[in-house]
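Visitor: pasting the sequence and the predicted coordinates here, then a few questions.
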Amino acid sequence: MSVRTAGVILAFCLSLGAGAVQARPETGVRAWVSTVVDRIVRADRPEAGSPGGTVTIRLRITADGGLDGVEVEGSSGSPALDARALRAATAAGPFPAPPARLITLEGVTELSFGLALRSARLR
């Protein structure tokens, strides 16, 4: 598991509330979060010369894996990079259904994490 994925899982567990935090998230949760992050990273399509950086995004994912919303929670400082992160998250959906224990009474789960986007070389 990458350091980035571990940080996402920790942030996600903390967002569940103190009563729900476990020392180690169960394997199914860890695998699901990793899948979501990896799909977003793979969906990123930077234009030539596009800078890299980190954007903190928040996703709302429905019980069936649909993307119910995505927003920039912490800007990279570059509106273009922030927009690129939103496009990647939108393009990556729908996602696998989240584990049942993560779904709220509203029928969604939320993830917030720093998405590291690579710079693209000039062609």
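Guide: Now that the structure is in, tell me what you want to look at. Numbers count the residues shown, from 1 in each chain.
Visitor: wasn't Ala80 part of a helix?
Guide: Yes. Under DSSP: H, G, I helix; E, B strand; the rest coil, Ala80 sits within a helix.
Visitor: tell me the pLDDT at the nearest residue to it once chain neighbours are set aside?
Guide: Once flanking residues are discounted, Ala80 sits nearest to Ser50: 7.3 Å by CB to CB, 6 or more residues apart in numbering. For every residue, glycine as well, the C-beta is placed using N, CA and C. Here, the pLDDT recorded for Ser50 equals 85.
Visitor: again, but for Ala120
Guide: Reading off the model, Ala120 has pLDDT 80.
Visitor: ok, now which ones touch it?
Guide: Pro46, Glu47, Ala48, Gly49, Ser50 (CB atoms under 8 Å, 6 or more residues apart in numbering).
Visitor: so, low pLDDT: which residues of the chain?
Guide: The model of the chain has pLDDT under 70 over residues 1-25, 122-123.
Visitor: only whichever of the contacts of Ala120 are buried, select them in ChimeraX.
Guide: The ChimeraX command for the buried members of the contacts of Ala120 (criterion: 16 or more other CB atoms under 10 Å) is given here:
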select :46,50
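Visitor: quick check, nearest of the contacts of Ala120 to Ala100?
Guide: Pro46 (35.4 Å; CB to CB).
Visitor: hmm, Leu117 and the closest one touching each other?
Guide: Yes. Assessed by CB atoms under 8 Å, Pro46 is found in contact with Leu117 at 6.9 Å.
Visitor: shared neighbours, those two?
Guide: Joint contacts of Pro46 and Leu117 (CB under 8 Å, 6+ apart) are Gly52, Arg84.
Visitor: tell me which element the residue nearest the centre of the chain is part of?
Guide: What sits nearest the mean C-alpha location of the chain, by CA atoms, centre = their mean, is Val37, with 4.8 Å. Val37 belongs to helix 27-43 when assigned by DSSP states H and E.
Visitor: before we move on, the earlier item: how about the residue nearest to Ala80, what does it touch?
Guide: Here Ser50 is in contact with Ala80, Leu81, Arg84, Ser119, Ala120 (criterion: CB under 8 Å, 6+ apart).
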